[in-house]
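*Asks:* Structural data only, the sequence is not supplied:
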C-alpha cells in the first residue's frame, strides 16, 4: 500500500476560536430550569438525575433517569427498542 501521497497533502490549520454557540430560546431556558428543579428535588432518589436528549435518528425527545455515580441508565422513555422500531418504520 502506498501512503506517500498522505505526506504531500496541504496542511490546514485548526480554527483558533470555536464557532459561536446559538443563543438559547426561551423554551430551552425554561426546560433547563425545570430539569434543574427536578434534579434538585431528588424526585428519582439522591443517586439519580434526569437527562433529556433528542434521538438523532427519530428526532424524538428521550427522557432518561441516570445513576450519577455509575452513569447507568435506570429508566428511559421511550425505551431504546421503541426508538429503533420507529426508526425502522420511518425507513431510516
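*Replies:* Done, it's in. Computed from a prediction, not measured in an experiment: that's the story for all the values here. Residues are numbered from 1 along each chain as shown.
*Asks:* List the buried residues for the helix or strand containing residue 86?
*Replies:* Applying DSSP states H and E as the criterion places residue 86 in helix 80-89. Counting neighbours by 16 or more other C-beta atoms under 10 Å, one finds that the buried residues in helix 80-89 are 83, 86. Where C-beta positions appear, they are placed from N, C-alpha and C, glycine not excepted.
*Asks:* Ok, stretch 48-60 next?
*Replies:* For stretch 48-60, by 16+ other C-beta under 10 Å, it's 48, 49, 50, 58.
*Asks:* okay, now residue 42: neighbour count?
*Replies:* Applying other C-beta atoms under 10 Å, we find 11 residues neighbouring residue 42.
*Asks:* sorry, back to before: restricted to strands, list the buried residues of stretch 48-60.
*Replies:* Per DSSP state E, strands hold the following members of those: 48, 49, 50.
*Asks:* List the contacts of the second one.
*Replies:* This means residue 49. Contact partners of residue 49, counting by C-beta atoms under 8 Å, 6 or more residues apart in numbering, are 39, 65, 66, 68.
*Asks:* just checking, what's the longest helix in this protein?
*Replies:* Longest helix in the chain by number of residues (criterion: DSSP state H): helix 26-41.
*Asks:* list the helices and strands it packs on?
*Replies:* Contact partners of helix 26-41 among helices and strands, from 3 or more C-beta pairs under 8 Å, 6 or more residues apart in numbering; DSSP states H and E: strand 48-54.
*Asks:* still on that earlier bit, residues contacting the longest helix of the chain, please?
*Replies:* Contacts for helix 26-41 (C-beta under 8 Å, 6+ apart): 24, 44, 49, 50, 51, 52.
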